[in-house]
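Asker: coords below, sequence missing:
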C-alpha cells in the first residue's frame, strides 16, 4: 500500500532500521578507536619518560627514587627528595637540570603512571594500564593470556611495563 508521498510503511521502517544498525556499528568503531588512541598515548608517554630517566641517570649516576605509591622523587636544592610534580629534574651545585619539563599524565581520569626503581637505583620499571587487552604489548601470563602486573595504576591494575632494557611483556 503506497502512502501519498510514494513510500510504503515497510520501506520507511527498513530505512530507519538500516540507519540504526549503521549508527551502532559507527559508535562501536569510534569507541574502539579512542581506546587504541589512549593506549598509544600511554606507550608514547612512558617512552618519553624513559628517555628522560636515561638523561637523569647519565648526570646523577642513578635513577630517581620513588615513594611507596610509585610516584617519582626528584632531588631538591637542599639535597632532600620531593615528588616530581610536572617535570623530572635534579640539582647539582645549586644548578637545576631539567630532563623533562612536562611530565605526562595518563589520559583517563582515575588512572596514573607508576614508577619503581630497583633497591640500588640502577634499574627501574614504569607502568601503565592499557585498556585494550588485545594490544600486542599487553602483559600476558605464561600461557599467553592477558593479565596484569598486580600493581594498581588507579581504577585498573597496570598491564604495560617498560624498564631500562625495554618492554617487558611476559609475567
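Answerer: Looks like it came in fine. Just so it is clear, the structure is predicted and the values come from calculations on it, not from any experiment.

Asker: tell me the average confidence for the host helix or strand of residue 27?
Answerer: Assigning secondary structure by DSSP states H and E places residue 27 in helix 9-60. For helix 9-60, mean pLDDT is 86.

Asker: one more: stretch 131-149?
Answerer: On average, the pLDDT along stretch 131-149 is 95.

Asker: bridging residues for residue 125?
Answerer: Taking DSSP bridges as the rule, residue 125 bridges to residue 116, residue 163.

Asker: quick one: secondary structure of the nearest residue to residue 32 once chain neighbours are set aside?
Answerer: Nearest non-adjacent residue to residue 32, counting by CB to CB, 6 or more residues apart in numbering: residue 132, 7.9 Å away. Glycine gets a C-beta too; all of them are placed from N, C-alpha and C. Under DSSP: H, G, I helix; E, B strand; the rest coil, the three-state class of residue 132 is coil.

Asker: ok, now how distant is residue 132 from residue 75?
Answerer: Applying CB to CB, to the nearest Å, the value for residue 132 to residue 75 is 37 Å.

Asker: neighbour count winner among those two?
Answerer: Using other CB atoms under 10 Å as the criterion, residue 132 and residue 75 rank with residue 75 on top: 20 against 16.

Asker: and that one, its phi and psi?
Answerer: phi -60, psi 140 (degrees, to the nearest 10).

Asker: same check on residue 141?
Answerer: Phi and psi for residue 141, reported as degrees, to the nearest 10, are phi -80, psi -180.

Asker: and stretch 159-171, what's buried?
Answerer: Within stretch 159-171, the residues that count as buried by 16 or more other CB atoms under 10 Å are 159, 160, 161, 162, 163, 164, 168.

Asker: list the contacts for residue 47?
Answerer: If a contact means CB atoms under 8 Å, 6 or more residues apart in numbering, then residue 47 has residue 162 as its contacts.

Asker: helix, strand or coil for residue 161?
Answerer: Assignment for residue 161 (three-state DSSP): strand.

Asker: give the closest residue to it in space, chain neighbours not counted.
Answerer: Here the residue nearest residue 161, using CB to CB, 6+ apart, is residue 168, at 4.4 Å.

Asker: nearest residue to the middle of the protein?
Answerer: The centre of the chain sits closest to residue 42, judged by CA atoms, centre = their mean, with a distance of 2.8 Å.

Asker: from residue 151, how far out is it?
Answerer: 14 Å.

Asker: with residue 113 instead?
Answerer: 11 Å.

Asker: more neighbours: which of these two?
Answerer: Higher neighbour count among residue 113 and residue 151: residue 113, with 24 against 15, using other CB under 10 Å.

Asker: got the contact list for residue 132?
Answerer: Counting by CB under 8 Å, 6+ apart, residue 132 has contacts 32, 35, 36, 39, 138.
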